[in-house]
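1. The following comprises the amino acid sequence and a computationally predicted model.
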Amino acid sequence: MKKLIILMFVMVFFLSFASAFEFDNKLTYSNNDLKVDFDNSILGLIKTSYIGSIKLESHHDVNYIKRVGAGSRVTMWYESNFVKLYKKGLGTPIFTDERTGEIVEREWRYVYWGDENYESPVVSCKNRLNVNGSIDNKCTNLGTETKTRKAWLPYNSRDIPKGKIKIGIEVNVRVNDYIDGVWEIVGKKIKKHALWEAGLEIGLDSWYKFEEDAGDYQETHFKNTTLTGSPSFKSGHILTDFSANAMTFFSPSQAYTWNHPLTVSCNSPIGIFPSGVSISV
């Protein structure tokens, strides 16, 4: 009888000890694989206690390829909801080049969606009557005031806190990247999420790839723009040592205009411009 009690005690101790390891944590996908639930288990067979969940919010489905610009970008994020603090629950993500299948290195860091304080200018404006009878508006800068806004902030921890929090990864994205990012959470790789690719045109209203020397406007992407006077394509007009193509203007009747009050006069080839510019000659 004493041996049986000792054996039962050893078994209970072993099973409790085994369920504390991460190797037998169990994950379950749901909601079209956008949500993952984590459970403690015994050897991956019997669930013992609920750990929490994550939900992919950066992608509307797991097959979506997110388009991002080059540079430091938050490429993907999850909302986690854990029942209690999980120490060191965030592992190191793995980045795979989808074109070659090779694992690649990128600079990255964890960030979270939180409240950021910033200084906003305080301006006082009032109408002023001039001696000629006209009225204009006079503004005075009174300094700044502290305001709060939502922003991605550095998350300097590998712990997953209790309750809801939105955690992302900020990656130093390179031009032409096509990356699959796999997170490791509570010791399990989340393999069904998620892709992103980079492009220089992200965030631009209009762009032209400089790939033609005549003819129509293939490879051009114009948004809220107007082309007048049939500007022409010419080769080798960007730099003397750069044999690319460009659009050129040779008369005042030729113009390329963004629908925006700002106007910049130019008689040079045009390339990639930020939003809010209009070009004419």
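-> Looks like it arrived, so ask away. The structure presented is a predicted model; accordingly, all values stated were derived computationally and were not measured.
2. can we go C-alpha only for contacts and neighbour counts from here?
-> OK.
3. how's the protein carved up into domains?
-> 2-111+153-198, 117-147, 203-281 (automatic domain parsing).
4. Of those domains, which shows the lowest average pLDDT?
-> Comparing mean pLDDT across these, the weakest is domain 203-281, with a mean of 47.
5. Residue 140 belongs to a helix?
-> No - assigned with DSSP: H, G, I helix; E, B strand; the rest coil, residue 140 falls outside any helix and is strand.
6. for it, what are its contacts?
-> 123-125 (CA atoms under 8 Å, 6 or more residues apart in numbering).
7. In CSV, list these along with distance to residue 38 and neighbour count.
-> Shown next, in CSV, are the contacts of residue 140 (distance: CA to CA, whole Å; neighbours: other CA atoms under 10 Å):
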residue, distance to residue 38, neighbour count
123, 51, 11
124, 54, 9
125, 56, 10
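8. So which of these sit within strands?
-> 123-125 (DSSP state E).
9. ok so, going back, quick check, nearest of the contacts of residue 140 to residue 27?
-> Nearest to residue 27 among the contacts of residue 140: residue 123, at 53.8 Å, using CA to CA.
10. for the closest residue to residue 35 other than its chain neighbours, which residues make a bridge with it?
-> Distance criterion CA to CA, 6 or more residues apart in numbering; nearest residue to residue 35, sequence neighbours excluded, is residue 55 at 4.3 Å. With DSSP bridges as the criterion, residue 55 is bridged to residue 35, residue 79.
11. close enough to count as contact, residue 55 and residue 79?
-> Yes - Residue 55 lies in contact with residue 79 (CA atoms under 8 Å); the separation is 5.2 Å.
12. what touches both of the two?
-> With CA under 8 Å, 6+ apart as the test, residue 55 and residue 79 reach no residue in common.
13. what's the neighbour count on the residue nearest to residue 35?
-> Counted with other CA atoms under 10 Å, the neighbours of residue 55 add up to 19.
14. Equivalent analysis for residue 171, please.
-> Residues near residue 171, counting by other CA under 10 Å: 18.
15. Could you do residue 65 as well?
-> Neighbour number of residue 65 under other CA under 10 Å is 16.
16. will you turn the contacts of residue 140 into TSV that also has distance to residue 30?
-> Shown next, in TSV, are the contacts of residue 140 (distance: CA to CA, whole Å):
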residue	distance to residue 30
123	51
124	53
125	55
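17. Check the residues you listed against residue 196 and report the nearest one.
-> Nearest member of those to residue 196, counting by CA to CA, is residue 123, at 41.5 Å.
18. Now do stretch 29-47: distance from first to last residue.
-> End-to-end span of stretch 29-47 (CA to CA, to the nearest Å): 15 Å.
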